[in-house]
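# need a 3D model of the sequence below.
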Amino acid sequence: MEFKDTLLMPVTDFEMRANLNQKEPAIQEKWESKKIYHKALQKNKSNEPYVFLDGPPYANGSIHIGHALNKVLKDINVRYRTLNNMYTPFVLGWDTHGLPIESAIEKSGVKRKEKTVNEFRNICKEYALDQIKNQKEQFKRLGLFTDYSETYFTLQKEYEIEQVKCFFSMLKRGLVFRDLKPVYWSWSSESALAEAEIEYQEKNSPSIYVTFDINHNDILPTGTKAIIWTTTPWTLPANRAISVNPTFDYVVIETNKGLFLILDNLREKLISKLNFEEVKIIKKLKGKELENLTYTHFFNNEKYKLILGEHVSDIDGTGLVHTAPGHGQDDYIVGKKYNLEVVSVVNAQGIMEKAGEFDGLFLDKASQSIIEKLESLGNLLFKEIITHQYPHDWRTKKPIIFRATQQWFITIKNIKNNIIKDLDGIVSYPDWGKSRMQNMIANRGDWCISRQRIWGVPIPIIYDANHEPIVKDDVIQHQINMFIKHGVEAWDKLPIKDLLPDNFNQNIDGYTKEKDIMDVWFDSGTAFNTLLRNFDTTVADVYIEGNDQFRGWFNSSLIISSAVHNKSPYKKLVTHGFVLDEKGHKMSKSKGNVIDPLKVINQYGADVLRLWVSSVDYQEDVRISDNLLKQVAESYRKIRNTIRFMLGNLNNYHHKTIQLNEVDQYMIHLTNELIYEVKNSYENYKYEKVYQLINNFVINDLSAFYLDIAKDVVYVQRENDPRRQQILFVFYHITNTLITLLAPIIPHTCEEAYSFFNKLNKNESVMLEEIKLLDVSVNINVNEWNKIWKLKTDIYQEIEKARQDKIIGKSLEAKIVLKLKNDFKFFETIYLKEILMVSKLEINNEISNNLVEKESCYVQVTKHPGKSCERCWKYFEQDEMFDGKICISCHNAIK
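Okay, the predicted model is just below:
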């Protein structure tokens, strides 16, 4: 008989090799076919709700690694709340309107101008739905706990109607208005843009210093010229004033090139820059003394004024600011005070108009021509090319401009303080998020919500013959009724008379419809309305998005909810960073450093990708690479094999109620401690801490401690041996704990393990279980037991030294002589030989010369003088052996 055949080795169909890329789709099919998501919702239906809102990604293209990070973070949260017995629907959303879809349609060969509005809208709609279908399939591979047939997207009829209702609600409160003012304008998109649609990139621009002749007056010497500085020469035809700061000191200087008015603080800098010589200060005066002096414009010979503006700085330029109210926000604000003309000298495509001889030129070409003209007129003092950060359209990557057009705006001026105060009540992770949001609201100007596009929700305003908007309750209600009946497509399909109520008895000749659509941030910003499908509130417990959404979705949702419902749409904000490559560089196709989440899933499995998400400090920018994924895969392997080991030993476990010895009770205590700390970390969105806690428990508390102790018993003793049953009892509870604690992070693996778990009152899925503390009595002195780690470390240092000195080969060959110090006397009554994995241990009361002093004890390690048992491999004295081959204990186990 081979002694190894008598050992009770682990047996389980839970395989060592995960093969996740093959198994995960089948597990996902099980969740779907057995409706596990809906059964979990039904189980928790009467429990506390956890209101979660998925911020909608844009429906265009395949998912990227940032999508994966975002959706997995959300899914971890949803799965944890579900396992914590909370009613937590997870409804995926998509943002479906806007320019990228229009551009994709036109790139495919469809000519927008050859289609009717509704024909083009229908093409866009079909494209968006195809994109959603594609992304749904890709999101499925992440293993999200949701029903993919119950989703929301911004093109849904009911969604658009609720959005229109929000618009009308804000309009009636006086928070929406129409005005001619400069906005971010993308000539490449032919539309206004919101701040959230702007990104800054380096740009080379002309930098010029230009003079205007100041007209004769009683304050300045005759012949004085004002110097202005600009990097947008094309705006000079729109100049209608020069702004000066009322509190600054200005000087007139005499130079080899003439008399010039400049800011005193910038005098030395300008003398050097403009190569002035023989400089004398002729006059010094405050900016306020210059108000209403006039100068002559070099292009149209019109006289314009010097005006006062607090926006004028003394950091750069000349202290005299070229002011074009049609092409700058500060210019517009100061121009309004002085009733200046608001004129735009470029059209929607960036072509000059109302600019005299420069009409018809693209703005960059116009800048060159204007510089040449200024040189010929003698008004150009200096020119150079500078590189600076400049706003670009985030979609087309082209530079944008400020351009005055008639647009619709939202103002929060009258509700700003209430919004900021309401934000005091939210919690943010990281904690600086709240103050960042408050600062952004405090500094927020008017929000331009109109877009000159087709694919989107129309701004449903009818203008009378004087082009005044008709804002009447009965008109608004009638339009809503028409949208409910026909969808928002009614705006383009129906004639004006059908969009007005039957009792509207005024002559509608000359009436027109607004052609603009709403900003897509207004679309997604009303997503809180979708919560009413599952809850009786529009306020979510949490929004989880990238930190770029402070100026995007967090911002728009907050403004609209505050305007419509007088409250924030979220109680908590959780933000994550961007995903970078291994070296911390931004990913781009041109660099060849893009990590495709679908390729990661095919190579490693979704659970390894999800484990990576839990392992990083997501509140900062995070890094990913094949090397980092290999490290995570190794951690996954250790977790999987630990669970596999326990499942294999539990295959014949009989679920007996049993009295535990002290080391078992200590392990139950450590497990409960893990549950408590992991739950607390999940509650506070600290998933990296969850990963660290579980990893540490698996590696140190289990593999390096309890499992080492357990192997000798579960392999060697009889199946029904009391000590073996004690250990299996602990295995059972630890296995159940690990499977449920890890289910939010690696759900496929936990589902597979659960299917092989010999569990009492087993459910259809691990997702129908509950994370809870173990209801197992622990009657030990935990404070004393916590010292075991120090004692074990001290003794193992000497065992390792003996191994290096070739006194022993392995710990089972060791004989330990031990005297415990006073703080560790507790362990005199504990089975230390079993815990230390040695064959013999003697406790001494005396300190002999052979003992080495450690912090916890005095210890001596020698080689056991006996013989090794051929079955359990422990060493025994001759009288402890049976037939000289195996120990008496092993003989009794197999006889």
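# any stretches of the stretch 51-200 of the chain with poor pLDDT?
Low-confidence segments of the stretch 51-200 of the chain, defined by pLDDT under 70: none present.
# same thing with the stretch 601-750 of the chain?
Counting by pLDDT under 70, the stretch 601-750 of the chain shows no low-confidence range.
# please enumerate the strands of it.
622-623 (DSSP state E, counting those that start in this stretch).
# what comes up buried for stretch 455-473?
By 16 or more other Cβ atoms under 10 Å, the buried positions in stretch 455-473 come out as 455-463, 469. All C-beta atoms are positioned from the backbone trio N, CA, C, and that covers glycine.
# now do stretch 780-798
Here stretch 780-798 shows 780, 784-785, 788, 791-792, 794-796, 798 as buried, counting by 16+ other Cβ under 10 Å.
# repeat for stretch 511-525
Of the residues in stretch 511-525, those buried by neighbour count under the rule 16+ other Cβ under 10 Å are 511, 513-514, 516-525.
# confirm Q349 sits in a helix?
No - read with DSSP: H, G, I helix; E, B strand; the rest coil, Q349 is coil and lies in no helix.
# spatially, what comes nearest to E291 if we skip its sequence neighbours?
In space, and not counting its chain neighbours, E291 is closest to L308: 5.3 Å by Cβ to Cβ, 6 or more residues apart in numbering.
# what bridges to the one you found?
V244 (DSSP bridges).
# what's the domain layout of the chain?
By the assignment in the TED database, the chain contains the domains 7-34+585-778, 47-172+416-431+521-576, 202-343+361-386, 782-864.
# end to end on the third one, go ahead and measure it.
Across its full length, domain 202-343+361-386 reaches 10 Å end to end, with Cα to Cα, to the nearest Å as the criterion.
# centre of the chain versus that domain, how much separation?
Here domain 202-343+361-386 is found 44 Å from its chain centre; the criterion is Cα atoms, centre = their mean, to the nearest Å.
# how about the second one?
Here the centre of mass of C-alpha atoms in domain 47-172+416-431+521-576, compared against the chain's by Cα atoms, centre = their mean, lies 13 Å away.
# okay if I get the buried residues of stretch 780-798 as TSV plus distance to F824?
TSV is the format used below for the buried residues of stretch 780-798 (distance: Cβ to Cβ, whole Å):
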residue	distance to F824
I780	15
E784	9
W785	11
I788	9
L791	6
K792	11
D794	9
I795	11
Y796	15
E798	15
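# tell me which of the domains of the chain lies nearest to Q479.
domain 47-172+416-431+521-576 (7.7 Å; Cβ to Cβ).
# between the domains of the chain, which gets nearest to I476?
Comparison of the domains of the chain against I476 by Cβ to Cβ identifies domain 47-172+416-431+521-576 as nearest, at 4.9 Å.
# quick one: the strands in the stretch 351-500 of the chain?
Ranges of strands in the stretch 351-500 of the chain, per DSSP E, counting those that start in this stretch, are 380-393, 401-410, 427-429, 447-448, 450-451, 462-463.
# quick check: which of those is buried the most?
Mean neighbour count (mean count of other Cβ atoms under 10 Å) peaks for strand 450-451 among the strands of the stretch 351-500 of the chain, with a mean of 26.
# going along the chain, name the strands of the stretch 151-300 of the chain.
Under DSSP E, counting those that start in this stretch, the stretch 151-300 of the chain gives strands at 152-153, 176-186, 191-192, 198-214, 225-230, 241-244, 249-255, 258-263, 280-286, 294-296.
# worst average pLDDT in the ones you listed?
Of all the strands of the stretch 151-300 of the chain, the minimum mean pLDDT falls on strand 191-192 (a mean of 86).
# about what we covered before: for the residue nearest to E291, give me its contacts.
By Cβ atoms under 8 Å, 6 or more residues apart in numbering, the contact set of L308 is 243-246, 287-288, 291, 334.
# from the buried residues of stretch 511-525, pick the one nearest G866.
Proximity of these to G866, judged by Cβ to Cβ, is greatest for S524, which lies at 75.1 Å.
# now do the same for that closest one: helix, strand or coil?
Quick answer, by three-state DSSP: S524 is helix.
# is it true that it touches N555?
No - S524 is beyond contact range of N555, at 10.8 Å (criterion: Cβ atoms under 8 Å).
# report the separation between the closest residue to F382 other than its chain neighbours and E751.
Excluding the flanking residues, the one nearest F382 by Cβ to Cβ, 6+ apart is Y209, at 4.3 Å. Distance, Y209 to E751, by Cβ to Cβ, to the nearest Å: 70 Å.
# next: W394.
Applying Cβ to Cβ, the value for W394 to E751 is 40 Å.
# same question, R451
In terms of Cβ to Cβ, R451 sits 45 Å off from E751.
# circling back to that earlier point, adding distance to T146 and mean neighbour count, write the strands of the stretch 151-300 of the chain out as CSV.
What follows is those, written out as CSV (distance: least, Cβ to Cβ, whole Å; neighbours: other Cβ atoms under 10 Å):
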stretch, distance to T146, mean neighbour count
strand 152-153, 12, 20
strand 176-186, 35, 20
strand 191-192, 34, 25
strand 198-214, 31, 17
strand 225-230, 53, 22
strand 241-244, 55, 26
strand 249-255, 65, 20
strand 258-263, 61, 22
strand 280-286, 66, 13
strand 294-296, 65, 18
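# nearest to Y543, of those?
That would be strand 152-153 among these, by Cβ to Cβ, at 14.9 Å.
# show me what that closest one is packed up against.
Contact analysis of strand 152-153 by 3 or more Cβ pairs under 8 Å, 6 or more residues apart in numbering; DSSP states H and E lists strand 93-94 as its packing neighbours.
# and the strand it packs on, which strands flank it?
Sheet pairing for strand 93-94, assigned by DSSP bridges, gives strand 152-153 (parallel).
# who touches the strand it pairs with?
56, 59, 91-96, 128, 132, 159, 527, 530, 533.
# tell me the most packed of these, by neighbour count.
Compared across the contacts of strand 152-153, A527 has the highest neighbour count, 29 neighbours, by other Cβ atoms under 10 Å.
# picking up where we left off before, what subset of the contacts of L308 is buried?
Neighbour-count burial within these applies to 243-246, 287, 334; the criterion is 16+ other Cβ under 10 Å.
# quick check, nearest of those residues to E190?
So of the buried ones among the contacts of L308, ranked by how close each gets to E190 (Cβ to Cβ), first place is V334, at 28.4 Å.
# now do the contacts for the closest one.
Contacts for V334 (Cβ under 8 Å, 6+ apart) come out as 241, 243, 307-309, 311, 323, 325.
# biggest separation within the residues you listed, which pair?
Spatially, the most separated pair among these is L308 and P325, at 14.8 Å (Cβ to Cβ).
# now the buried residues of stretch 455-473 as CSV including pLDDT?
Supplementary listing: the buried residues of stretch 455-473 in CSV, determined by pLDDT from 0 to 100:
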residue, pLDDT
W455, 95
G456, 96
V457, 97
P458, 96
I459, 97
P460, 96
I461, 96
I462, 96
Y463, 95
P469, 94
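# so K30 sits right up against E24, yeah?
No - with contacts counted by Cβ under 8 Å, K30 stays clear of E24, the gap being 10.6 Å.
# show me which of those two is the more surrounded one.
Legend: neighbour count by other Cβ under 10 Å for K30 and E24, higher for E24 (24 against 15).
# any idea how far the more buried one lies from A18?
9 Å.
# shared neighbours, the two?
What both E24 and A18 touch, as defined by Cβ under 8 Å, 6+ apart, is the set 605, 607.
# figure out which of the strands of the stretch 151-300 of the chain is closest to L573.
strand 152-153 (20.5 Å).
# gap between R803 and W873?
For R803 relative to W873 (Cβ to Cβ), the value is 16 Å.
# and L531, by the same measure?
In terms of Cβ to Cβ, L531 sits 62 Å off from W873.
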